[in-house]
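Chemist: Following is a predicted model, sequence given first.
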Amino acid sequence: MAQFTKATSVKDWLNQRLAVEKVEKVMASEYWIPKNINFLWAMGMVLVVTFALLLVSGIFLLMYYVPTVEGAFYSVNYTIMREVDFGWLWRHIHGVAASVVFLIIYIHMFTGIYYGSYKKGREMIWVSGMLLFVAFSAEAFSGYMLPWGQMSYWAGMVITNLFAGGSLHMDGVVEWIRGDYVPAQAFLGRFFMLHVLLIPLAILGLIGLHFAALRIPHVNNQDGEELDFDYESKKYLDGDKAGSKVMRFANDFMSKDMMVVAIYLLFFFYLVFWNYGFAMDPVNFDPADGLKTPAHIYPEWYFLWSYEILRPFPVDIGLIAFAFAQVIFVLLPWLDRSPNTTPANRRGLFAIWFWVMLVNMIILTAMGKLPPEDPFSTIGLYSSLLFIAQWLILPIITMFEKKA
Amino acid sequence: MKNNSRRGFMGKAFGAVAGVGAIASLYAMKKSWDPLPSVKAAGFTTLDMTQYEENVMITEKWRGKPIFVLKKSAEVMEKEKGNAEAEARNIKVGDDNFMIAIGLCTHLGCIPAFRKATNDFLCACHGGKFDASGLVTQVPPPRGFDIPPFKIDGNKLVLGEVGPEWQAMKDNGVTL
Amino acid sequence: MKKNKEPLILAVVVIFSLAVYGLVEPYAHSVLHQKSLSVKSEGFTYPDLPQITKTGDVARGADLVMGAGACAGCHSIDVAGMPAPMDAVSAAGAYGVNPPDLSNAGAVYDAKFLAELIKNPAHALKVEHKYTPESGKMHPMSQFYGAGGDMDQEVADMVAYLQSIAVKPADLTPAIAYENACGRCHEVSYENWTQIGTKPKFKHEKDSLAFDIKVMEYQDSLKAYMGKLPPDLSMYIRSRGEHFLTSFIENPQGHLEGTAMPRVGVTADAAEKVIEYMKDAGDTKRHERESVAVNVMIYLVIFAIFAILWKKQVWRDLH
């Protein structure tokens, strides 16, 4: 048993048992952040806030949602939207946040790619981040099933059909996933379980891992400069706040975080109250009907780029290309053969690679929404091929990069 | 280190503004917990008082609870004469007299059974007894049956609405 | 002093985000719904129908409606004390739908439309494609062949009578408009509206189920008559949107060529009221949403101001 002395204050009592002061220093006031950053570095906090909005709004939806095929649509569109005080508000917040979170995730991801924040000791931050992307994707998909509208049903039908493996005709696997021959009560029940319990637990765990992975390497900076955190933090603590290259997480960085969050909330709530159609697709306001396919089925916008990669090829090749697209981003730290933690604009060919990748993914996203006819299907085919090609040449172009 | 105190102030001010938002959110959350309009609307039951037979105990439903409706015969009314407590509980609709009560034992909430032979109620849980007027004749129940809020409307009785007769009963401590 | 790149970075982020939004939402939807977006409203003027050239006489119209017009043979007129000849379920069994009560027809429907409807129902309703000579089917509402005089005058009189007994346009409620123009075919379960009327509260489950069975029997007749059961419109304001619904109500054939749904011939005002009814059903909390929105945005502006001020204070020492 460790030595315990009579406490001199409440703080001292807690310190002896939980080391609260040390924890506060490590996590907040002496967690040193480079000053040479821009507002994109606040996207992490924006994601935390958005996730909190999803959790809280989700809690109130969960109080009234009925997870049965007979009751689900009514519980959402009548009970929650009409009867529950502020029910409409929780639903709008939840739907808009579920969509906007992916916008922020993509911005956060591409910021990391641009500044090389996945290299040299930061690989686990990148990997845990990509796992979070997968977890959020699964959470979004499972959540979309719950209102049991036409889009819920048919998206569920189409996406679970992917697991038949094309020519492998693994219908048994598909039926096992659904728990039935078609999306029905068993399907709804298990996706409800995934959405409310299992995946949120996974997300919480992964967020912990993501933060833990960040602590030792510290946050990157706009020039990719390797900082001597001990030296710079000593400068700060000795009084030279302006001269030091670092600042405290709390409250220096936090105050800028909060400013970005505040502006983000203005944008977010504008969408919640006035422009929510993109997040709550009209097709899903028709109750699910297994005997009638809607004229147009499409996934939510954040899945469109990878949906488009699936479409232009014959089914087996398409599935392979689709699987490739899901996995390839994780391998970035190892496909990028250059050791330079430098922003893209100073990395020659990589800068071109970056902007082409970004623009191409936007083209893929647009084509994924448009009907699979000319000229859209042709553009989609070339975009998909370009996407695959870019990843294949990445090791080559980065191998020959000049050392910074 | 100028601005130190102002910096502290700005942080606290921002914290206070954030706190206002948090309280407003808590208010919205509290409202979301409230019983739904459909639940509150279902809180009224109308009884047609002409359809009951004397000394036949009928159990109605109100707000999910059983409601005993017992039309009292002349003999029962005769026994009640002079008993101020019993007379205060009587509910008169037109020419008929009723015992109307929430059918839950005032001890710990079981539903007492009506015994036709003795025209009274016996609670199986701990042996408490109530008479045809709703008064306790055998402990452990601490008080007579509670009487639900009611309003007399001609030959009908609306449970859930407060009429003058019930208000008087409440004010005089006849029921809670 | 390093150049502040944040305005440029912000511009890049905003431009790319707007590009994604613009392509995925407005552009893609214009391509996906090209056909339906091209259907334009004619302002409920029904240019294909002839104008009423005669001035209608209310008293003569009353005689015709009750007499030679034979309207009361199928239609009730509650305000005039005329009961329905059959109950709704039996009527549906006979005709496919329950002939509407005519008390408010004069306020809900366009006068030109009513005139044409009396003279040639299948034409006014735009369901002639269903009642071709080859089909051997006749429209359940028979044509008015005149009472011996000038048919145009007689029809004008009947329309004038119907307008006189109806509520004043200013008193036309969303419920009256909907129940008259749409309610005999389309239920709105979220408003407790069935094709045979608002479902009452029943004490005994047996009575509630008996009512439900009556509704189902009506719906069976309706389905046989229409080919399929007209859908429940509770959430249509959100699944179809105001623009689609308005142009659809004006002319169903414009969006769904060959559909069995008749043109209902409502006035522009009645159409607005129908849309409002549908908003009350499917977007009930819109007014509260608007007022909460204003308060929340004002709060967030204040929140942002304080956040910016705090940041500036903290960072003064850091630069």
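Modeler: Good, I have the coordinates.

Chemist: Please make it C-alpha for all contacts and neighbour counts, starting now.
Modeler: Noted.

Chemist: which residues does the closest residue to residue C:100 other than its chain neighbours contact?
Modeler: Counting by C-alpha to C-alpha, 6 or more residues apart in numbering or on different chains, residue C:75 is the residue found nearest to residue C:100 once chain neighbours are left out, at 6.0 Å. Neighbouring residues of residue C:75 by C-alpha atoms under 8 Å, 6 or more residues apart in numbering or on different chains: C:84-85, C:99-102.

Chemist: Just among these, which is most surrounded?
Modeler: residue C:102 (23 neighbours; other C-alpha atoms under 10 Å in any protein chain shown).

Chemist: can you count the residues close to the nearest residue to that one once chain neighbours are set aside?
Modeler: Closest residue in space to residue C:102, ignoring its immediate chain neighbours: residue C:77 at 5.1 Å, by C-alpha to C-alpha, 6+ apart. When neighbours are defined as other C-alpha under 10 Å, residue C:77 has 21 of them.

Chemist: Count the residues that sit near the residue in the stretch 201-350 of chain A that chain B sits nearest to.
Modeler: At 8.4 Å from chain B, residue A:255 is the closest residue in the stretch 201-350 of chain A, using C-alpha to the nearest C-alpha. Neighbour count for residue A:255, taken as other C-alpha under 10 Å: 23.

Chemist: Please name the nearest non-neighbouring residue to it.
Modeler: residue C:311 (4.8 Å).

Chemist: Looks to me like the one you found is in a strand.
Modeler: No - note on residue C:311: no strand contains this position according to DSSP: H, G, I helix; E, B strand; the rest coil, which reports helix.

Chemist: Could you report the neighbour count for it?
Modeler: There are 25 residues near residue C:311, going by other C-alpha under 10 Å.

Chemist: Let me see the contact set for it.
Modeler: Per C-alpha under 8 Å, 6+ apart, neighbours of residue C:311: A:252, A:255-256, A:258-259.

Chemist: Among the residues you listed, which lie within helices?
Modeler: Judged by DSSP state H, the subset of these located in helices is A:255-256, A:258-259.

Chemist: Drop anything exposed from these.
Modeler: A:255-256, A:258-259 (16 or more other C-alpha atoms under 10 Å in any protein chain shown).

Chemist: can you give me the strands in the chain?
Modeler: All of this refers to chain A. Remark: strands assigned in chain A by DSSP state E are A:32-34, A:246-248.

Chemist: meant chain C, my bad for not saying
Modeler: C:193-194, C:197-198.

Chemist: before we move on, the earlier item: wait, the residue nearest to residue C:102 touches residue C:99, no?
Modeler: No - at 10.8 Å, residue C:77 does not count as touching residue C:99 under the criterion of C-alpha atoms under 8 Å.

Chemist: so who does the residue of the stretch 51-200 of chain A found nearest chain B touch?
Modeler: Among all residues of the stretch 51-200 of chain A, residue A:85 sits closest to chain B, at 4.8 Å; criterion: C-alpha to the nearest C-alpha. With contacts defined as C-alpha under 8 Å, 6+ apart, the neighbours of residue A:85 are B:28, B:31-32, B:34, B:36.

Chemist: Make JSON lines from the strands of chain A and add mean pLDDT, distance to residue B:59 and mean neighbour count to it.
Modeler: Shown next, in JSON lines, are these (pLDDT from 0 to 100; distance: least, C-alpha to C-alpha, whole Å; neighbours: other C-alpha atoms under 10 Å in any protein chain shown):
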{"stretch": "strand A:32-34", "mean pLDDT": "92", "distance to residue B:59": "71", "mean neighbour count": "23"}
{"stretch": "strand A:246-248", "mean pLDDT": "91", "distance to residue B:59": "70", "mean neighbour count": "25"}
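
Chemist: okay, these in CSV with distance to chain C next?
Modeler: Formatted as CSV, the strands of chain A follow (distance: least, C-alpha to the nearest C-alpha, whole Å):
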stretch, distance to chain C
strand A:32-34, 11
strand A:246-248, 8
